[in-house]
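Student: the following block contains a protein sequence and its predicted model.
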Amino acid sequence: MIRQDAHRIDPKRRAVIDPKKRQFATPTYKQQDYAHRLNIYEIPPTAEITLEQFEQWAIDRLKILAEIEACSYRNKSPAETESYITPLLQKFLPLSSNTSSPSGAADPRLKNERQKDHYSHFILRLAFSATEDLRRRFARAETMLFKFRFQKDDTREKRAFIDSLNLDWEPVGDFEKTEIAKNLLSSTPGLRGLEDETWYKVDWEKVPELVERRSIFLKKGKAYVPGREQLSMIVAEFTARLERALELTSRALPRLDEDDRLTPILNHLSKNFGSAESVYSEGEGYVDGSPITASSIDQLAQQHFPLCMKSLHVNLRKNNHLKHFGRLQYTLFLKGIGLSLEECILFWRQSFKGKTDDEFNSQYKYNIRHAYGEVGGDVNRRGKGYTPYSCQKILGDSNPGIGQTHGCPYRHYSVDNLVGFLQATGVSDKEVLRGVREDVGKMRYHIACNRVFEATHKNEIKKVKEDGSWSQTDLDTIVHPNTYFKRSYLLKQMSKAPKDA
Amino acid sequence: MPHSVSPGSAQNDDEMPDAPPVETSTETNVRLEDMFNDDDDDDEEFPASGDVKMESPSKEEPPAPTPSGVDPDIMLAFYQRLFPFRYLFQWLNHGIVPTKDFGNREFALTLQNDAYLRYQSYPTADLFRKDILKMNPSRFEIGPVYSTNPRDRKTLRGGQMKPVSKELVFDIDLTDYDDIRTCCVKANICAKCWAFVTMSIKVIDTALREDFGFEHILWVYSGRRGAHAWVCDPRARNLPDERRRAIAGYLEIVRGGSQSGKKVNIKRPLHPHIVRSLELLKHDFARTTLGDQDTFESAEQAERLLSLLPDKTLNESLRRKWDSSPDRASTSKWADIDSLAKTGKSSTLNPATLRDAKQDIVLEYTYPRLDAEVSKKMIHLLKSPFVIHPGTGRICVPIDPRNAENFDPLSVPTVMSLLAEIDEYDAKHPAGTAEADIPDVEGSAMNGSDIKGGRKVQDYEKTSLKPYIDFFRSFIAALIKEERAGKRERDDNGPAVKADPMEF
Ligand code: SF4
Ligand SMILES: [Zn+2]
């Protein structure tokens, strides 16, 4: 049961926050005291947080990472990035220095900021450890964030933070320093004298950036790094440790069953990481001026919904219930056609006949609001919650398991069941059904879907083509359920319009 | 560019059966592709950058004059009698007992019909030899060691097979010097322009040893107009791509194509690597660029030289002087720069700027021009040592970097000359050889250069290939010694590491 602000941690959730702990026998229960502003994220969090916090913190961090990534994709200069990111950081993920408060690290405000930073990092690790590509992007964005913060850190605090890391840097002795003074001076840009610098010998692999720019003296595989180039080394260290940790996390990632409330959150976190290329464009499914309410869904489903949504609707009516992924697919679609959140909640409330209000509110409402972006802040850049699924997404999803009804009937139904269902929805033309069988046999599911659309809107399509009100581009292949709905709806409206308008 | 694949031969890549079934209707085909390219959340669809499938067939100069100079029968005789399979195995295996270092190593074979077979691999030296004899490739290339056997890749899910190690490699090719060599163009070379390769070997070899601490660097003649380096130290083999990129960036100084103007732009003070390289190269500049190549003799090249100098007034007096004596040699022109500068006619001239510009010019005309892309990626394939260059028939023999000056590519043995040497030897020493004096292809299978036998003289020992193979053997011996020392050290430190080669 979700209680929005429960202070009790449920065991399943704890396992998720700290897979390492479950995996390995030596957990560190040490409560973190966050003495430093910066964190290299070696120790996973162990304290309890609420589900709301879990999500909100992750989403806030995700927002930052996505913006950082976007800046680098758009080739913004460091200065531009800084001026762009700074206010966002202040808003979503502030991290103040000890000097910002008279009580220093003991200030609860600082502790809270640091805890949020710490937890959100580890939550996103979970969400992003699944695939190599996500791991790489996550490590990259996190590294940029770390670097950004490190550069802005107070010098003394920075020093204390570095000292706390126990890095394997060998200081260069005075004798050697004098011996190679000339080389050090000429390979280290901007250096005036050697005296005030502490030099370290590290494996050159630790400072690849400096090596690549030829801004470091190398001798027999060791790089001679001046103290002020610590940034480079720390950043490399940070990346290396994070990459290793992500590998481990991906292997330790516990299997989460579908009823776990964290699964959709984690999935969507990773899916919304810079999904700017989404096929779904805003307004795709809205139909201007048409009142779409909970009570009109039954009729619309019958007339205008694509088969995937009809299937969900029929099942919902039959069982008074839908499993998680079906709910998600359908909710997003309904959002896409313009059903308001209030109406959508109403729709589901009425549909789940067997549930009490309490059950509904505690088990389902949250996810609906979540899909609308009502809770959890703005998930993606448009701030409208999750994007309705495209055909590609629906077709590509793993096969629905027993009792699950999401997916695309053309793909996930047996051919006979598919044809039966089509006939039940009024498609009886033998030629069309034969075509559907053929398409499905060739795995061209969306073509079958388009074929059915054309057959069921034959007259309307003929008309708009003839009177020239629609061009061929308005009738291109449908690759999104919301496009299906919108086109179907508009075609019906056109044909209703008086001929001599 | 021996690492490349001609687009035509890629058709024969046995990768093809993996491709999705062909759509029959063209119209829907296009739609289908459009549809599945706009993915917004599926990461599995697109292989990660490290995935081998991402490597596109790289560009290749027009195919070597066909038919290749080397007859397939000759090629086969070479593999049977001379190719050092066992040593090549030991080199890649880092020891005698077969390990994954060899077993999971990708070989790519270019067959006589130009078919290109990737992802070949062999558990042992003998199976390696057998397959090469069976396929009789015109050449083959060496890729990385993978996390699994490359032959199993089809049964694995995407992304499961990852490159885990490969020698750090460098590729120097004289075609990159066409704008500054006057003696030859394209595939041709002569001793005068080979000097550029020699300089490159010296500079790169020194930097790799002194700066990066690498010790096991194998230089190999590419068979026509270039050289490859294989850095075999364990530390180099395990570098991830981004560290390889760092080394490539460190070593790269000459940048830009023929239209890019000034190709060397480095900051002052000069980095110790550049100071040392300049020291190594200044004599080469005098001898090769100014002397042998007489690069600035033509008006056009002289004008280019002027464009690299900083002072207008000085340039004008130089131009006047050179216009009045059209055939003035490069050495004199170079000397003119300083002598005219000293007369102090230009009030704007800054001696330091002039010195810097002259240093940049020396580098632009002599510093190694690397094909950096080859070095940056672990998955790049590079032609194996000791194969025959199909165009020239020359063997890709090792070059001793300590003695690079004395390496003469034009006297590198060709496969024809080697087989003739065997015949000659056998004719002179009939007692020492039991087999027939005719190079009987089938019958001499057991006479390969590295088959252990009694103290019978092996075929390679009868030829001028011997010093090269001896060099290779001592290179391997040093490498394996270090490998063993490294293993022992690791075993001492970590009891849990079970890297016992006897497991296999
Ligand atoms: S093809 Fe697309 S719109 Fe049609 S049923 Fe399948 S998912 Fe729905
Ligand atoms: Zn030449």
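Tutor: Received, thanks. Ligands and ions are numbered 1, 2, ... in the order given.
Student: the helices in the stretch 401-504 of chain B, which residues?
Tutor: Using DSSP state H, counting those that start in this stretch, the helices of the stretch 401-504 of chain B run over B:415-428, B:466-493.
Student: the ones you listed: lowest mean pLDDT?
Tutor: Summarising mean pLDDT across these, the least confident stretch is helix B:466-493, with a mean of 87.
Student: in it, what's buried?
Tutor: B:Y468, B:I469, B:F471, B:F472, B:R473, B:F475, B:I476, B:L479, B:I480, B:E482, B:E483, B:K487 (16 or more other Cβ atoms under 10 Å in any protein chain shown). (Each C-beta comes from the backbone N, C-alpha and C, glycine too.)
Student: give me the distance between the nearest residue to B:S307 once chain neighbours are set aside and ligand 2.
Tutor: Taking Cβ to Cβ, 6 or more residues apart in numbering or on different chains as the measure, B:S307 lies nearest to B:G261, with 7.3 Å between them; neighbours along the chain are not counted. When Cβ to the ion, to the nearest Å is the yardstick, B:G261 and ligand 2 sit 25 Å from each other.
Student: A helix includes B:G261, no?
Tutor: No: note on B:G261: no helix contains this position according to DSSP: H, G, I helix; E, B strand; the rest coil, which reports coil.
Student: neighbours around it, how many?
Tutor: Other residues lying near B:G261 total 10 when counted by other Cβ atoms under 10 Å in any protein chain shown.
Student: still on that earlier bit, can you redo the buried residues of helix B:466-493 as TSV with distance to ligand 1?
Tutor: Rendered in TSV, the data for those read as follows (distance: Cβ to the nearest ligand atom, whole Å):
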residue	distance to ligand 1
B:Y468	65
B:I469	65
B:F471	66
B:F472	61
B:R473	65
B:F475	61
B:I476	60
B:L479	58
B:I480	60
B:E482	60
B:E483	57
B:K487	56
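Student: A:A130 against A:S250, yeah?
Tutor: Yes: under the criterion of Cβ atoms under 8 Å, A:A130 makes contact with A:S250 at 6.5 Å.
Student: close to ligand 1: what parts of the stretch 251-400 of chain A are there?
Tutor: A:P306, A:L307, A:C308, A:C391, A:I394 (Cβ under 6 Å from any ligand atom).
Student: quick one: contacts for B:F471?
Tutor: Under the criterion of Cβ atoms under 8 Å, 6 or more residues apart in numbering or on different chains, the neighbours of B:F471 are B:P398, B:D400.
Student: that one and ligand 2, how far apart?
Tutor: To ligand 2, B:F471 is 26 Å away according to Cβ to the ion.
Student: from chain A, how far out is that residue?
Tutor: For B:F471, the distance to chain A (Cβ to the nearest Cβ, to the nearest Å) stands at 24 Å.
Student: ok, B:A207 next?
Tutor: 9 Å.
Student: before we move on, what about B:D179?
Tutor: Spatial separation of B:D179 from chain A under the definition Cβ to the nearest Cβ is 24 Å.
Student: on that earlier part again, which among the buried residues of helix B:466-493 gets closest to ligand 2?
Tutor: Sorting the buried residues of helix B:466-493 by distance to ligand 2 puts B:Y468 at the head of the list, at 23.2 Å, by Cβ to the ion.
Student: isn't A:N98 right next to A:K158, touching?
Tutor: No: A:N98 is not in contact with A:K158 according to Cβ under 8 Å; the separation is 11.3 Å.
Student: how about residue 341, what does it touch?
Tutor: Let's take chain A. Applying Cβ under 8 Å, 6+ apart to A:L341 gives the contacts A:K335, A:I368, A:R369, A:Y372, A:E374.
Student: wrong one, I was asking about chain B
Tutor: By Cβ under 8 Å, 6+ apart, the residues touching B:A341 are B:D311, B:L314, B:L349, B:P351, B:L354.
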